[in-house]
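Student: heads up, no residue letters with this:
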């Protein structure tokens, strides 16, 4: 099987597994325990926090460990929304129409169940949110703006630094979902200017089930998981020590190897894009042509059932996606694809191809040699249906 779905998840790097392994057995203590085994585990967790803080250019106490990017997004939106509303009476949440469901569905539930006011910010034809759009929507009753750093479905990189500057001018807080971005983009929170930033380890060769939320010191926020006093009283529950170790090591390696990884995937990505657009009739790139993740190629094909195309690719030995992994099996276009304003005949035929550090030139050549025939087969079968 040739794996071309690295935006959905990545394999665990053996070096990261080796770093995690002792904390499953030899150093298995609970960090909340006062004995030696507990203290050893606590020291490991705090060392991991310091490593992540160094990668993000922040203070260790500004890092909160979570079960993944989705929980980090939930804590950011719900926690800040509740805290700021209680302090100031503000009601509005702003977010783009092209967010991950961990943000968009959270915002929708906050609106429907808790009475927060929600405004969706339109993106352009490339899925990019322009600073002037945020500027026009912000007002004195706005609590928070949440905009992802890079889009998981179409690869577009948003101008977060400029968006954060607009938010600051209006006195509102800025959250960015950097879960997809951290694999290849710098996540220096001082340069980005954000107040909150979400991470998930499994997008950059770490384990599934662990993430982190950066919270700038002084940001009002309420805990969403109550119990013990772990994570500065913001996230109760026994610390997942080996996974936290894995997250820190994965993020450290992502930063250390960023240039080499980018140099590997970027020409392969550009080769795929060029060959697809030249060789397949009625094909279109989705996402920004240049401001996009270096490992990310995504397309729509007119009059093609995207799910059928994925099945044909799977039968031919290729693991790809139609966009967000959360949307697999859904016959409707995702909200991100809808936000681009594509006609339904195009929107239903999406394909996402994402590369990783293990992807080879031979695998890419095999893929692009077979894809045109599979698209035509899917098109014929779709039209017949």
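Tutor: Happy to help now that I have it. The structure presented is a predicted model; accordingly, all values stated were derived computationally and were not measured.
Student: tell me the domain ranges of the protein?
Tutor: The chain breaks down by automatic domain parsing into domains covering 2-8+257-384, 14-256.
Student: Run the chain-centre distance for the shortest one.
Tutor: Pointing back at domain 2-8+257-384 there. A distance of 18 Å separates the C-alpha centroid of domain 2-8+257-384 from that of its chain, computed with CA atoms, centre = their mean, to the nearest Å.
Student: residue contacts, the closest residue in space to residue 70 that isn't next to it in sequence?
Tutor: Excluding the flanking residues, the one nearest residue 70 by CB to CB, 6 or more residues apart in numbering is residue 102, at 3.9 Å. For every residue, glycine as well, the C-beta is placed using N, CA and C. Going by CB atoms under 8 Å, 6 or more residues apart in numbering, residue 102 touches 69-70, 73-74, 177.
Student: now the domains of the chain as a markdown table including mean pLDDT?
Tutor: Supplementary listing: the domains of the chain in a markdown table, determined by pLDDT from 0 to 100:
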| stretch | mean pLDDT |
| --- | --- |
| domain 2-8+257-384 | 93 |
| domain 14-256 | 97 |
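Student: which residues sit against the top helix by length along the chain?
Tutor: Secondary structure of the chain per DSSP state H: the longest helix is helix 361-384. Helix 361-384 is contacted by residues 2, 4, 268, 271-272, 275-276, 279-280, 283, 301, 303-305, 308-309, 312-313, 316, 318, 349, 353, 355 when judged by CB under 8 Å, 6+ apart.
Student: Among those, name the ones in helices.
Tutor: Among these, the members falling in helices (DSSP H) are 268, 271-272, 275-276, 279, 308-309, 312-313.
Student: Mind checking which of the residues you listed are buried?
Tutor: Buried by 16 or more other CB atoms under 10 Å: 268, 272, 275-276, 308-309, 312-313, out of the ones in helices among the contacts of helix 361-384.
Student: which among these gets closest to residue 17?
Tutor: Set against residue 17, the nearest of these by CB to CB is residue 268 (25.7 Å).
Student: ok, now how distant is that closest one from residue 357?
Tutor: With distances taken as CB to CB, to the nearest Å, residue 268 is found 11 Å from residue 357.
Student: Next: residue 9.
Tutor: As for residue 9, its distance to residue 357 is 14 Å (criterion: CB to CB).
Student: List the contacts of residue 262.
Tutor: 184, 294.
Student: Determine the three-state secondary structure at it.
Tutor: Under DSSP: H, G, I helix; E, B strand; the rest coil, residue 262 falls in the helix class.
Student: Counting neighbours, what do you get for the residue nearest to residue 227 when sequence neighbours are not counted?
Tutor: Nearest non-adjacent residue to residue 227, counting by CB to CB, 6+ apart: residue 236, 3.1 Å away. Neighbours of residue 236 under the rule other CB atoms under 10 Å: 14.
Student: What residues of stretch 288-298 count as buried?
Tutor: For stretch 288-298, burial by neighbour count (16+ other CB under 10 Å) applies to 288, 292-298.
Student: Span of that stretch from start to end?
Tutor: Terminal residues of stretch 288-298 lie 10 Å apart, using CA to CA, to the nearest Å.
Student: Can you tell me how far residue 180 is from residue 152?
Tutor: In this view, residue 180 and residue 152 are 4 Å apart by CB to CB.
Student: Next, show the common contact partners of these two.
Tutor: Contacts common to residue 180 and residue 152, judged by CB under 8 Å, 6+ apart, are 7, 100.
Student: between those two, which one's more packed in?
Tutor: More crowded of residue 180 and residue 152, by other CB under 10 Å: residue 152, with 29 against 25.
Student: Helix, strand, or coil at that one?
Tutor: Secondary structure for residue 152, judged by three-state DSSP, is coil.
Student: State whether residue 104 is indeed within a strand.
Tutor: No - looking at residue 104 with three-state DSSP, it is helix, so not inside a strand.
Student: my guess is it meets residue 94, correct?
Tutor: No - between residue 104 and residue 94 there is no contact, the gap being 12.0 Å when judged by CB atoms under 8 Å.
Student: helix, strand or coil for residue 9?
Tutor: Following three-state DSSP, residue 9 is assigned to coil.
Student: Next: residue 84.
Tutor: Assigned state for residue 84: helix (three-state reduction, three-state DSSP).
Student: tell me which element the closest residue to residue 23 other than its chain neighbours is part of?
Tutor: Nearest residue to residue 23, sequence neighbours excluded (CB to CB, 6+ apart): residue 242, at 3.8 Å. Using DSSP states H and E, residue 242 falls within helix 241-256.
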